[in-house]
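Have a look at this prediction, sequence included:
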Amino acid sequence: MIVDWQVYYEAAKKCRDLADELRKADKPVHDAIKGDCLGMSGDAPGCADWGKAYDTAARQTLQASASLANALTNYGAVLYAMGHNYGVANKSNPSPPQPDVTQVGEYKVSLPSSVAPNGPGLDDHGAVKEFFDKLLAKVLNTFGKLPNGDRNKLDKAHTVWDTFAKHPTVTGAAAGISGISAMFDGMDDATNRGLLQDHFATLKTSADTVATSAQQMAAPVADYRDATVALASDTSSKINTLELTIAITAIAGGLLALFSAGTSAVAATAAIDADVVTTMEAIQAAYQASRMKTVIGLAALAAGATGTIDAFHALPTIDLDKAATNLATIIAMKVIVAADGAMTVATKYEDLPQAPGIPLGGLTDESEEYIKGKHVRGGDNVTPDKSTFPEGTDLDALAEAAVNVTARGPNDYGNYEREVDAGHPIGNRSQNNGGQPTNKYKVITDRWGTVINMFPE
């Protein structure tokens with residue numbers, strides 16, 4: 001099947017439309033994290049640890065989502081360029097209109113921390129001052145702070161994550177990308193079809209990862225919120241039942257209210273000290289029996305304690321990092337428009353990811369003949385657009401000199417590149433590019449490290 005330029009253009013538009021919809025879907029999450037949800041985790045022992053784990057999970061998820069949208073945008077531009085070039089080269093009727101190949105750069109997600117001082121977790125609502133001051137001092141000294149997440153902010157965070165996870169664009173992105181890829185299934189050129197669809201496979205896998213990750217964010221937030229509210233309520237209930245010389249009552253909403261119940265404003269020091277000890281024991285007992293103990297991973301309330309957070313264990317962290325790396329390769333694909341409107345697609349060498357695992361082997365007889373034919377002066381296939389080495393160049397020595405250069409790739413053709421600066425002229429740029437002498441050359445290998453091409457840069 002011949003794939004005409006209209007198919008490329010249609011696929012490009014679908015990629016860019018999906019990118020726009022993804023940005024619309026995750027924007028409310030970005031906005032909430034930077035606005036209504038600031039400081040939602042609190043900073044009490046355990047709470048700060050939960051907040052840091054949440055921050056990492058949120059950043060990884062939103063980075064993958066942003067990278068997916070940007071990769072779709074840039075790959076759409078690449079498809080437009082391919083379609084345009086195909087239509088022009090084949091003198092299609094109608095001819096392809098000049099497409100919009102505007103592209104975006106790689107975006108690094110940066111979010112404010114959800115960890116912030118939300119008070120001691122214990123409020124004074126008119127208590128006998130001496131009692132409250134001693135209780136507060138004891139709480140701060142012994143517990144550091146009581147769990148102090150913000151219920152309303154946590155409510156908001158749960159809502160935006162739940163909405164994002166269930167958004168039809170997010171849940172349907174992978175299938176949508178598969179559908180776009182399928183437009184090229186019957187393409188006669190198997191090599192180009194493979195290259196095209198390999199990128200679609202990367203996009204689809206990344207879309208699956210984003211959807212999976214989004215589904216693992218809302219539940220831990222709800223669990224933390226519910227545990228925070230339940231602990232405050234249970235603590236208040238326990239304190240309400242204590243028969244203290246100074247009455248202690250909890251107000252609605254779960255925050256402790258301590259106030260005089262008609263007693264003297266200055267109670268006996270011994271009685272107050274005893275009440276403080278009893279209250280502290282009640283708070284610890286409430287915590288020990290609570291869900292919060294599991295959520296923030298503290299064996300007991302204690303100042304300076306560090307929680308062991310397991311809330312986000314289901315997040316596909318390895319896949320998220322892999323998605324961001326793989327998508328960066330697609331984002332780096334650039335469409336270059338010449339003055340006459342001609343378009344080329346290329347990824348700059350410095351934009352290719354480092355690939356230290358790719359070895360460097362030697363030249364095969366076939367690759368040596370290929371390079372001599374195209375990139376050594378006097379070769380049978382040298383053309384004005386080819387850079388060339390002088391006749392008699394020791395190609396094996398040039399290849400060996402690249403051994404200490406880390407490979408980058410894969411490039412747009414699935415191969416790996418090493419750029420070497422010899423420190424002295426080793427050849428000339430192409431006649432089309434001025435023909436000047438150059439110190440630099442590229443060594444191109446396959447993924448097994450076999451040299452398949454080499455040319456002055």
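Okay, I see it.

Next up, the contacts around the most centrally placed residue in the chain.
Geometric centre of the chain, nearest residue: residue 63, 2.5 Å, by C-alpha atoms, centre = their mean. By C-beta atoms under 8 Å, 6 or more residues apart in numbering, residue 63 lies in contact with 108-109, 320, 324. C-beta here means a position set from N, CA and C on the backbone, and glycine is covered the same way.

What helix or strand is it located in?
Using DSSP states H and E, residue 63 sits within helix 47-89.

what about the nearest residue to residue 72 once chain neighbours are set aside, how many neighbours?
Leaving aside its chain neighbours, residue 72 sits nearest to residue 19 (3.8 Å; criterion: C-beta to C-beta, 6 or more residues apart in numbering). Residue 19 sits with 21 neighbouring residues when counted by other C-beta atoms under 10 Å.

quick one, phi psi at residue 19?
When read as degrees, to the nearest 10, the backbone of residue 19 gives phi -60, psi -40.

Could you list the low-pLDDT ranges of the stretch 151-300 of the chain?
238-268 (pLDDT under 70).

any idea how the protein splits into domains?
In terms of domains, the chain is parsed into 5-106+151-216+313-331, 353-456 (source: automatic domain parsing).

so for the last one, what's the average pLDDT?
Read that as domain 353-456. Throughout domain 353-456, pLDDT has a mean value of 93.

quick one: terminal-to-terminal distance for it?
21 Å (C-alpha to C-alpha, to the nearest Å).

The first one now?
End-to-end span of domain 5-106+151-216+313-331 (C-alpha to C-alpha): 22 Å.

and the closest residue to residue 344 other than its chain neighbours, what element?
Spatially, and ignoring its direct neighbours in sequence, residue 344 is nearest to residue 336 (4.8 Å; C-beta to C-beta, 6+ apart). Element membership for residue 336 (DSSP H and E) is strand 333-337.

now residue 337, which residues is it bridged with?
residue 343 (DSSP bridges).

how near is it to residue 80?
Noted for residue 337: a distance of 11 Å to residue 80, by C-beta to C-beta, to the nearest Å.

shared neighbours, the two?
residue 101.

Which residue ranges of the protein form helices?
Secondary structure of the chain (DSSP state H): helices at 5-34, 47-89, 129-142, 151-166, 168-182, 190-215, 218-241, 269-288, 292-296, 317-331, 365-375, 395-400.

Verify the contact between residue 302 and residue 142 for me.
Yes - judged on C-beta atoms under 8 Å, residue 302 makes contact with residue 142 at a distance of 7.3 Å.

residues in contact with residue 289?
residue 234.

Pick out whichever of residue 337 and residue 80 has more residues nearby.
Between residue 337 and residue 80, counted using other C-beta under 10 Å, the more crowded position is residue 80 (28 against 14).

That one touches residue 335, doesn't it?
Yes - using C-beta under 8 Å, residue 80 is in contact with residue 335, at 7.5 Å.

Which neighbours do these two have in common?
In contact with both residue 80 and residue 335: residue 101, using C-beta under 8 Å, 6+ apart.

Tell me, how many residues neighbour the closest residue to residue 440 other than its chain neighbours?
Counting by C-beta to C-beta, 6+ apart, residue 457 is the residue found nearest to residue 440 once chain neighbours are left out, at 4.2 Å. Residues near residue 457, counting by other C-beta under 10 Å, number 16.

quick one: residue 457 and residue 439 touch, right?
No - applying C-beta under 8 Å as the test, residue 457 and residue 439 come out as separate, 9.0 Å apart.
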